[in-house]
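Engineer: coords below, sequence missing:
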């Protein structure tokens, strides 16, 4: 039995739960006694998405009906744990096939979540009498890890804590971890990571996790681990800085996906790279106008110290290419431009491989965990022109997410198959199953895509 919150094996007091869409509710309702039909009509219940109605009985609650919208979307079920009475136990009373039961369990697990590290929950979620499959349990755990890591303030989630998270995953799955920290970054030729993180009292580092058989295809996951982003000397305004604990959201996604790969035994040779820094202001902060070195050998003029994520990623991506992998995926809370273009729920996907991009798009549609492909429009490299270096880290405000992706691509080996996800990693407000704060976006579709390629 999984110990994920929201599930139980205790069936003694379990109440029947009918899971129905609008059409299913009409048919079910027509077969009910007139008194119950009158009750449901008085409640105005129609089986609409994200709705719940309790059914009366002689002892109080006799059961409940939950309305679902898109039956293929796990979030169609995620409202139930906090819409049903706190702590009650429910057993499925509808005939659902195995796939829909898995989606119900996934949604229930996601919907049961509340971040409670610093204060107790104000109420317990309702519990579902179910034993989630190993894959469902792994998907829930991975998604909730992302939420927990992103929600945790920087004081408790700095570069060292990201390294600790990688080491905990490694211990659980028999992987190896090393961390290249502080001045060792310069000694081992990761100068760009060092430049961004050197002003913080917490040492910058590159965390490297390795797992899998040498004979399997090589997969490299890279995650942007900026544990807090002041904007550096080109400082962010207060409202822009307020939630920058989430700027390690890319690292959270990469770590969680690595955990999924290992937990499910995907036949790949996995390398996880997390450049972890704090973009701080101090006497040693990197400056606008500086030219910094990179592992690739390209010189980069710093146009804006608030475009730091791509600077740490460029060293990691060069190192990723040196592994000569079958595939490189990077995740990053990289640009506000992607959010302006696509909003908070649609991560921007960039890829130099049409087959890879199409696989991820199809996986996103199937799992209802979408991505939206954006163009690597290479003529826009002109916006990264520098008069004194090989390229600038920023420049024009035009096509900001495109130019950021083009910058990253410059640091890959020629012919390297790659996809980059510009992800928000955040819910601005409460929605059913999606509490305000950290969020895993396109994590489930990334897993589905990788299964298609390698399982």
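Structural biologist: Looks like it came in fine. Since the model is a prediction, treat every value here as computed from it, not as a measurement.
Engineer: Spatially, what comes nearest to residue 446 if we skip its sequence neighbours?
Structural biologist: Nearest residue to residue 446, sequence neighbours excluded (Cβ to Cβ, 6 or more residues apart in numbering): residue 257, at 5.6 Å. For every residue, glycine as well, the C-beta is placed using N, CA and C.
Engineer: How confident was the prediction at the one you found?
Structural biologist: Predicted confidence (pLDDT) for residue 257: 98.
Engineer: check contacts around it.
Structural biologist: Contact analysis of residue 257 by Cβ atoms under 8 Å, 6 or more residues apart in numbering lists 142, 221, 329, 331, 443, 446, 447, 450.
Engineer: And residue 412, by the same measure?
Structural biologist: When contacts are counted by Cβ under 8 Å, 6+ apart, residue 412 touches 317, 318, 320, 321, 328, 352, 418.
Engineer: per-residue confidence averaged over stretch 18-27?
Structural biologist: Per-residue scores along stretch 18-27 average to 97.
Engineer: For the residue nearest to residue 446, pull up the helix or strand it's in.
Structural biologist: Per DSSP states H and E: residue 257 is located in helix 249-263.
Engineer: after that helix, next one along is what?
Structural biologist: Following helix 249-263 toward the C-terminus (DSSP H and E): strand 269-279.
Engineer: okay, now the domains of this protein?
Structural biologist: What automatic domain parsing lists as the domains of the chain is 7-132, 138-454.
Engineer: Just the endpoints, please. Distance across the longest one?
Structural biologist: Just to be clear, that refers to domain 138-454. Chord length of domain 138-454, first to last residue, is 18 Å (Cα to Cα, to the nearest Å).
Engineer: cool, stretch 394-414 as well?
Structural biologist: Stretch 394-414 has an end-to-end distance of 22 Å (criterion: Cα to Cα).
Engineer: If you count neighbours, what's buried in that stretch?
Structural biologist: Within stretch 394-414, the residues scored as buried using 16 or more other Cβ atoms under 10 Å are 394-395, 399-413.
Engineer: and the top helix by length along the chain with helix 249-263, angle?
Structural biologist: Criterion DSSP state H: the longest helix present in the chain is helix 134-151. Between helix 134-151 and helix 249-263, the angle comes out at 160 degrees (axes from the mean of the first three to the mean of the last three Cα atoms, to 10 degrees).
Engineer: Give the other helices and strands that helix 134-151 contacts.
Structural biologist: helix 98-111, helix 249-263, strand 437-438, helix 443-454 (3 or more Cβ pairs under 8 Å, 6 or more residues apart in numbering; DSSP states H and E).
Engineer: just to revisit the earlier point, buried ones in the helix holding residue 257?
Structural biologist: 249-263.
Engineer: Then stretch 36-56?
Structural biologist: Going by neighbour count (16+ other Cβ under 10 Å), the buried part of stretch 36-56 is 39, 40, 45, 47, 49, 50, 51, 52, 53, 54, 55.
Engineer: swap in stretch 73-88?
Structural biologist: Judged by neighbour count (16+ other Cβ under 10 Å), stretch 73-88 contains these buried residues: 73-84, 88.
Engineer: residue ranges for the strands of the stretch 51-200 of the chain, please.
Structural biologist: For the stretch 51-200 of the chain, the strands defined by DSSP state E, counting those that start in this stretch occupy 51-57, 60-67, 89-92, 127-129, 176-181.
Engineer: Pull the residues that contact the last one.
Structural biologist: Residues external to strand 176-181 that are found in contact with it (Cβ under 8 Å, 6+ apart): 163, 166-167, 170, 188, 190, 203-211.
Engineer: same question, the shortest one
Structural biologist: For strand 127-129, the surrounding residues in contact (Cβ under 8 Å, 6+ apart) are 6-11, 14, 17, 80-81, 87-92, 104-105, 108.
Engineer: and if we set it to 10 Å?
Structural biologist: Applying Cβ atoms under 10 Å, 6 or more residues apart in numbering, the set of residues contacting strand 127-129 from outside is 5-15, 17, 77, 80-81, 84, 86-92, 104-105, 107-109, 112.
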